[in-house]
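Chemist: here's my sequence, what's the structure:
(2 chains)
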Amino acid sequence: MALQAIAFYLMAAATIASAIAVVSSRNPVHSVLFLIASFFSAAGLFVLLGAEFLAMLLVVVYVGAVAVLFLFVVMMLDVDFAELRQGFARYMPLGGLIAGGLAIEMVVVSTTVATHGAARLSEAPMASGSSGPGVTNAEAIGGVLYTDYVYLFQAAGMVLLVAMIGAIVLTLRHKPGVKRQVIMDQVLRTPESGMRMVSPKPGEGID
Amino acid sequence: MPVHAAISSDNPVIWTLLTVGQILLVTVVLLLTVAFLIYADRKIFAGVQMRKGPNVVGPFGLLQSFADLGKFLIKELVVPAGADKFVFLLAPLISVTLALGSWAAIPLAPGWVISNINVGILYLFAVSSMGVYGIIMGGWASNSKYPFLGALRSAAQMVSYEVSIGFVIITVILLSGTLNLTRITEMQGGGFWNWNILGGAGLHNLPLALVMIPMCVIFFISGLAETNRPPFDLPEAESELVAGYAIEYGSTPYMLFYLAETSNIILMSGLLAVLFLGGWQSPFPMPAFTATWPGTVLSLIGLFWLAVKTFFVFFMNAMVRSVVPRYRYDQLMRLGWKVFLPTSLVAVAVVAGWRVYFPTVAG
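Modeler: Below you'll find the model as predicted:
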C-alpha cells in the first residue's frame, strides 16, 4: 500500500506539473514534450487503478502516434510565440470560462462518485456479464465492446474510416507531367532490357 | 538473472530491493551481451567481406567493444552552438531508458521475468513506439539541417512499420488468446511443431503455417526497419545525410544512442523468438526424467534456448545487413504501406477466421 501511495503521488504530481508546463513553457516544442510527459504519467495512474490495458492503449495511441504528429507539425511550422502571446488578454476571459466550467464538472462528478459510488454500477454491463476476479481487463473490455456495444463500436470505426478516406481525397492530387517511380517497370527490368552492348570504333562515339 | 518468481515478498521494502536487484542483474547481463553482440556483428560483417574484423584488442579482438567504450567515455562532450541543450542531452537518455526498459516484460526463462504483466506484449509495443522520440528529439535539438532531416525520415519510417508490426502481433495474440508474454511462451511448449510460426497447436493448426511463416518474415523485416538497421538505415544514410540524427553527437551521448540501437536489435530478435519460435521452450519435448530436476536448472536450460534462438535471429539480422543494399525512401514507404500492411491485415482476418471455425481444444 505504501508503495502504491508513493507511486500515486509521484505520478499525479508529474501529471499536473507537466500539464502546467505545457501551457507555460515558451518554446512550443517543449510544450509538446511536456504534453507527452503528461500523457505518460496519466498512463501510469491508469496502471495504478488496475486498468493496465487502457494505460498501454493510451501510450500506444497518444504518445506513440498522435503526439509524434504534433511534434512533427510543431517542429516544422516554426510558430512565432511572441505573436501568439499578444492575444492573451483578449482570449483570457473565454479561456478562463471554459477552464472554470471543466473544473466544476470534474468536482461534481468526482464528489458524486466518492459519496454515492459510481451511478448504477450494478446495472453496468461490466459488472453483470464478463467481469470477475479472474478476468483481465482486456477480456472485460472486449466482452462488452464486441457484444453489447458492437454496433456503436463498428459505427465509430466507420466514422474513422470515412474521415481517413476524406483526408486522402482532399489531399491527393495527380499533377500531370510529374515524373513518378513506377515500381512495376523497375521490378520487371532485366539485364537484356536495361543494358546494351556496344563496341564503338575509334573516333566514332556512340549513336 | 532475476530470482525465481517464488521468492517474492509482500513487504514493500524487501519487494523494492528484490526488484531493483533483478533490474540491475538483467541490465548488467544485457549490457555485456550488447558489447559482445556488437563485436559479433562486426565479425560477421567482416567475414562476409573476407576481412578479419576487430582482432587486436584481447584474444581474437574479443575486448574491442570495451576499448570502444573507454574511448567514448574519455572524449570531450561537445554541445553545438544554438542547440537546445536540455533536449539535446535528454534525447539519448530517453533512447537508452526505453531500450533497456523493454526487457522488463520479456520472459527470459521459466519463472524468470522481472514483471509478468497481463498486457506484456502491449507494453513492449508501447515502449517501442516511444523509441522514436529519442531520435526525433536528438535531431531537432541539434539545431542543424542534416540531423533534422534524418530525424524526420526516421520518425516517418518507424511510425509506418509499427503498423504492420502491430498487425503481426495481433495474429500471434489471436493464436494464443492472451496478451501475456509468459502465457504465449508456455502455450508453445512441447516441441517445435507447437511454435507459433507453425500455427501454434501442432498438426491441428499446421495449415496456418502458410500464414504464420510469412508473418514471421514480415515481423523480421519490420523489425529491421524499426531499429533503423540496414537495408533500412535511411535515418543515418551516410552517403546522403552524413550520420543522420546523430551527426552532432559525440562522446557518451553518441554511445548511448548506439547502445540503445543495439539493445533494440537484440530486443527485436528476442521478441521474434518469444512470439514465433517458442521463447525459452526447448524445440523437442523435455524427457520425462527432467520433471524432477530443480526449477533453477530448468530455468537455466530455458535461458539457454532463448539465447540460442535470439542469437540465431540476430545472426540473420547481421547477414541481411551485410548482403542487402540500402532501400530508396519511396521503396521503403511502398513496402511498409502497400505490401506489408495489406498482407498482414489479410493474415489477421485468416487467422481470426481459422480460430472461429477450427477452434483448438484449449480454446
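Chemist: use CA for all of it now, contacts and neighbours both
Modeler: Noted.
Chemist: for chain B, what lies in contact range of chain A?
Modeler: By the rule Cα under 8 Å from any Cα of the partner chain, the part of chain B lying against chain A is B:12, B:118-119, B:122-123, B:125-127, B:129-130, B:133, B:140, B:152, B:155, B:159.
Chemist: in those residues, find the pair that's most separated.
Modeler: By the measure Cα to Cα, the residues of chain B next to chain A have their two most distant members at B:12 and B:152, which lie 43.8 Å apart.
Chemist: compare these two (neighbour count), which wins?
Modeler: Looking at residue B:12 and residue B:152 with other Cα atoms under 10 Å in any protein chain shown, you find the greater number of neighbours at residue B:152, namely 23 against 13.
Chemist: any idea how far residue B:80 is from the more buried one?
Modeler: Here the criterion is Cα to Cα, to the nearest Å. By it, residue B:152 lies 20 Å from residue B:80.
Chemist: repeat that for residue B:273.
Modeler: 41 Å.
Chemist: ok, these two, which is more surrounded?
Modeler: When residue B:273 and residue B:80 are compared on other Cα under 10 Å, the one with more neighbours turns out to be residue B:273, at 28 against 15.
Chemist: and the helices in chain B, which stretches?
Modeler: Taking DSSP state H as the criterion, chain B contains helices spanning B:12-48, B:64-74, B:85-101, B:120-141, B:145-176, B:181-187, B:209-226, B:238-241, B:251-276, B:295-323, B:329-334, B:341-357.
Chemist: which positions in the longest one come out as buried?
Modeler: Same thing as helix B:12-48. In terms of neighbour count (16 or more other Cα atoms under 10 Å in any protein chain shown), helix B:12-48 has its buried residues at B:18-19, B:22-23, B:26-27, B:30-31, B:34-45.
Chemist: that one packs against which elements?
Modeler: Counting by 3 or more Cα pairs under 8 Å, 6 or more residues apart in numbering or on different chains; DSSP states H and E, the packing neighbours recorded for helix B:12-48 are helix B:64-74, helix B:251-276, helix B:295-323.
Chemist: my guess is residue B:163 meets residue B:341, correct?
Modeler: Yes: counting by Cα atoms under 8 Å, residue B:341 is a contact partner of residue B:163 at 7.0 Å.
Chemist: looking at the two, which one has more neighbours?
Modeler: A direct count of neighbours by other Cα under 10 Å for residue B:163 and residue B:341 places residue B:341 higher, at 23 against 19.
Chemist: OK, contacts around that one?
Modeler: Neighbour list for residue B:341: B:163, B:164, B:167 [criterion: Cα atoms under 8 Å, 6 or more residues apart in numbering or on different chains].
Chemist: between those residues, which sits nearest chain A?
Modeler: Compare each of those with chain A using Cα to the nearest Cα and the shortest gap goes to residue B:163, at 10.2 Å.
Chemist: residue contacts, the closest one?
Modeler: Shown here is residue B:163, whose contacts under the criterion Cα under 8 Å, 6+ apart are residue B:341.
Chemist: go ahead and build a PyMOL selection from the buried members of the residues of chain B next to chain A.
Modeler: Buried residues within those, by 16+ other Cα under 10 Å, are selected in PyMOL with:
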select buried, chain B and resi 118+119+122+123+125+126+127+129+130+133+140+152+155+159
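Chemist: nearest to residue B:287 among the residues of chain B next to chain A?
Modeler: Ranked by distance to residue B:287 (Cα to Cα), these are led by residue B:118 at 30.2 Å.
Chemist: quick check: the closest one touching residue A:136?
Modeler: Yes: with contact defined as Cα under 8 Å, residue B:118 counts as touching residue A:136 (7.2 Å).
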